[in-house]
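**Student:** Sequence and predicted structure are below.
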Amino acid sequence: MKYINLDAKVGDLPGVISPARYLECLSSLADDLPVGARSFATDPEHYDFSSKRCMKDLEVQYIRTVGADDQQVEIQFRHNCWKHDEDLVIRYAGVSSFDAGGVEDNDWADLGTVILDEVLPHQNGCSHEIAFWNGSLTVVCRDLVATWTEVACPDK
């Protein structure tokens, strides 16, 4: 990740996850993001760890290509009942690159939960890098649409 710090230090406490540097740069980056990516990245709840719409602690439920040309990818993230009451689906259009670091045999559960993500402008539209405890996903695409869907959580 370019701006997100997965090993920040706050005072004497190391190992802190911090989106602070990314959030400082986001206002200048936002105009260069496609419309859907901009809306997703600049949502005030996105990087608020106490928010129900923060990606932190979500886990991949599935990843699939949509359409015949394989240029659309859909990732569904499952909620974590102690924090979220919605699932998140991100649809990536015009995918030019998809990298799943740390995943073997498409076993997405091996990734663990989301730590943080970062959406950046890219010559092909935008890049979306998602860090998990056991790997990462990076999608380069023309644009993305993120949709939160309410779920009934039996653990609440």
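**Tutor:** On my side now, so go ahead. On a predicted model such as this, the values are computed, not experimentally measured, just so you know.
**Student:** C-alpha only now, for contacts and for neighbours.
**Tutor:** OK.
**Student:** Run a quick neighbour tally on residue 107.
**Tutor:** Counted by other Cα atoms under 10 Å, the residues lying close to residue 107 total 12.
**Student:** Next: residue 20.
**Tutor:** Neighbourhood size, residue 20 [other Cα under 10 Å]: 14.
**Student:** now swap in residue 82 and tell me
**Tutor:** Around residue 82 there are 11 other residues, counting by other Cα under 10 Å.
**Student:** Check the one 4 residues further on too.
**Tutor:** Summarising burial for residue 86: neighbours were counted as other Cα under 10 Å, giving 21.
**Student:** Show me the strands in the protein, by range?
**Tutor:** Counting by DSSP state E, the chain has strands at residues 5-10, 13-18, 59-65, 73-78, 86-93, 97-101, 114-122, 125-132, 135-141, 143-150.
**Student:** how about JSON lines for those, with mean pLDDT added?
**Tutor:** Formatted as JSON lines, those follow (pLDDT from 0 to 100):
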{"stretch": "strand 5-10", "mean pLDDT": "73"}
{"stretch": "strand 13-18", "mean pLDDT": "76"}
{"stretch": "strand 59-65", "mean pLDDT": "91"}
{"stretch": "strand 73-78", "mean pLDDT": "94"}
{"stretch": "strand 86-93", "mean pLDDT": "96"}
{"stretch": "strand 97-101", "mean pLDDT": "88"}
{"stretch": "strand 114-122", "mean pLDDT": "96"}
{"stretch": "strand 125-132", "mean pLDDT": "96"}
{"stretch": "strand 135-141", "mean pLDDT": "95"}
{"stretch": "strand 143-150", "mean pLDDT": "96"}
